[in-house]
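Student: Whatever this is, show me its structure:
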Amino acid sequence: MSQRRDVRASLLSSRVLATFLALVLVPAIGHGQAAPSDLPPGVYPAEQDYKLALAGTYALDPDHAAVIARVSHLGYSYSIFRFDRLDATLTWDPADPSGAALSAKVEAASIASNVKGFSEQLAGDNFLKSNAFPQVTFASTAFRQTGPRAGKVDGTLSLLGHTKPVTFDVELVGAGKGLTGQPRIGATARASINPVEFGLMPLLGPSIEIVADVEFVRTP
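Tutor: Presented below is the predicted three-dimensional model:
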């Protein structure tokens, strides 16, 4: 009898755990966001549908944006450098994504490294020469949709006085009503550049990966 009670208790415990997972954890994993009822009034979670970002001009939200560069460390590993001061404008119409336009700029001196004292060297004359070239800019020339949440953005990147064509692979993160009814759209964009083509030293490796995580808010 004791063994039967132990088995029944174990089964009951398993059912309770399964119910908890089904009701709490599974919805959280499936949606990756808080339920609307859990958010303050006027704050709306994003959905993975670019059409929820209404047509208009969008400005970058600097509090929810960053650009990082993944640079080879002599072939041993990758060093991660982050740029925190950036600005961008997006002209967007979900009915015609191919007609979108993007212009962006990054302050070269805002580069950060977790290596003590290295940020100043990176911004200095041996690398980015931020006094002479204070901004890195990108201007789109074409938007090409490749899937419901994916696309490519062609454009020109200007760095250290060199301007070259660059294509970013873009993935939609989310879009929606945003805060106080102002539509938002967020995306992750990736591209690779040859550092030598932009006047950087060869020891940085054959390519530098640029990753931009950005969120735009529609201007009134």
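
Student: where does this protein dip in pLDDT?
Tutor: 1-37 (pLDDT under 70).

Student: domains for it, by residue range?
Tutor: According to automatic domain parsing, the chain comprises the domains 2-32, 50-218.

Student: which stretch among those comes nearest Pro40?
Tutor: For Pro40, the closest of the domains of the chain is domain 50-218, at 9.0 Å, according to Cβ to Cβ. (Each C-beta comes from the backbone N, C-alpha and C, glycine too.)

Student: quick one: which of the domains of the chain is nearest Val43?
Tutor: Closest of the domains of the chain to Val43 is domain 50-218, at 5.4 Å (criterion: Cβ to Cβ).

Student: tell me what the lengthiest strand in the chain is packed against?
Tutor: The longest strand of the chain (DSSP state E) is strand 162-179. For strand 162-179, the packing partners by 3 or more Cβ pairs under 8 Å, 6 or more residues apart in numbering; DSSP states H and E come out as strand 150-159, strand 182-193, strand 208-218.

Student: Distance from the chain centre to that strand, please.
Tutor: From the chain centre to the centre of strand 162-179 is a distance of 7 Å (Cα atoms, centre = their mean, to the nearest Å).

Student: relative to strand 150-159, how tilted is that strand?
Tutor: Counting by axes from the mean of the first three to the mean of the last three Cα atoms, to 10 degrees, strand 162-179 lies at 130 degrees to strand 150-159.
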